[in-house]
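Trainee: The following block contains a protein sequence and its predicted model.
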Amino acid sequence: MKIGLIGMAKSGKTTVFNALTGLWAATDQYESARMEPNVAFVRVSDSRVDRLAELYRPRKVTHALVEFVDFCGFSGRRPERKSLFSASDLALARGVHALALVARNFHETYLDSTLGPPDAASDVENVKTELALNDLVLAETRLERIDHQLKRGAKTPSLAIERSALEKVVAFLEGEARQNMPELTGEEEKSIRGMQFLSLKPMLVILNSDETTFAADPGLVDALGRANRVVEFAGKFEMELSRLDPKDAAALMEDMGIASSARERLTLAAYGLLGYISFFTVGSDEVRAWTIRKGSTAQEAASSIHTDLSRGFIRAECFSYDDLTAHGSEKALREKGLIRLEGKNYVVNDGDILSIRSGV
């Protein structure tokens, strides 16, 4: 899973990145814009993996990972170009699975004097509008090329499907609200998948507050939440928190009324946003968490482990994490008939533990 952090310059994106990753990427307010994004992999906190490790005592424990990409901030239109974004920014952003739009909701004397007081709602709308404009240019350019091909007699079913998909995307991008995603058929979605429209990517908004503004304006969170999934962070506080001893961090979180860390809240929100679930493989060699889309079959889950397992799929031995922890061992589950053999079309549930039987 790859998540791109985007937002206006000085919104605190890199501070949020540091809070999530525990890194020390530069966040100086006077620093000039950097040219390359910050990238890091973060372990997904899942107490189920830790509990399974206690039961099986494997040689290796592997948690699921999320890759975070902290893109350069958008500093407004410049005379020499027509967009907030550079071509390289757009190309990199199209490669992520989801976007996390960081909006400034904190006061700082220098930033307030140069950029004005925070206006998170406007920042969110400006960035989303800019994404839509860039996507619109991309879609209209491709439509023009398709029409040119059709005029030259290159009429094929695949071109007709792609043209239909693009017309729906253009209508969506030209709409004022842009809340309801275009209803694409499976073939239409596949025909434009390679274009990686940014406006069609799942997006959540990170409201980056400070100790004084955190949880102080429920109306703002509600307003942003009408069109977006919203997570509020006290970014600078959370960055400092990530560098403390766990006991000290827990005490400070309690003082701030924060139940879980920024990393835990964002990874949980990302799983929900993307429709992902986790299944597990267990044994004395390794306990491992795997990430798949909700609704995936046992054969598709096998493919996430290794394509050979999917190709030679015979059956999946399956039991649930909840049953295992309730009864204490696989032996107890077998005695109670709670271990099942499932076929390739079995829909995997969050928390399933699978052992794939394959002929390859």
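Mentor: Cool, got the structure.

Trainee: before we move on, what SS does Thr27 have?
Mentor: coil (DSSP: H, G, I helix; E, B strand; the rest coil).

Trainee: my guess is it meets Ser11, correct?
Mentor: No - here Thr27 lies out of contact with Ser11, judged by Cβ atoms under 8 Å, at a distance of 11.2 Å. C-beta coordinates here come from the backbone N, C-alpha and C atoms, glycine included.

Trainee: if you count what's nearby, which of those two comes out ahead?
Mentor: Between Thr27 and Ser11, counted using other Cβ atoms under 10 Å, the more crowded position is Ser11 (28 against 17).

Trainee: residue ranges for the strands of the stretch 151-300 of the chain, please.
Mentor: For the stretch 151-300 of the chain, the strands defined by DSSP state E, counting those that start in this stretch occupy 203-209, 229-234, 276-281, 286-293.

Trainee: so which of those gets nearest Val360?
Mentor: Closest approach to Val360 among those (Cβ to Cβ): strand 276-281, 17.0 Å.

Trainee: Average pLDDT for the closest one, rounded please.
Mentor: In this model, strand 276-281 has a mean pLDDT of 96.

Trainee: related to what we said a few turns ago, please identify the deepest-packed of the strands of the stretch 151-300 of the chain.
Mentor: strand 203-209 (a mean of 25; mean count of other Cβ atoms under 10 Å).

Trainee: Identify the residues contacting the one helix or strand in the chain whose mean pLDDT sits lowest?
Mentor: The helix or strand of the chain with the lowest confidence, counting by mean pLDDT, DSSP states H and E, is helix 87-93 at a mean of 75. Contacts to helix 87-93, defined as Cβ atoms under 8 Å, 6 or more residues apart in numbering, come from residues Gly4, Ile6, Pro37, Val69, Phe71, Cys72, Phe85, Leu99, Asn134, Leu198.

Trainee: who's in contact with the closest residue to the fifth one other than its chain neighbours?
Mentor: I take that to be Phe71. In space, and not counting its chain neighbours, Phe71 is closest to Pro37: 4.8 Å by Cβ to Cβ, 6 or more residues apart in numbering. Pro37 makes contact with Val69, Asp70, Phe71, Cys72, Leu92 under the criterion Cβ under 8 Å, 6+ apart.
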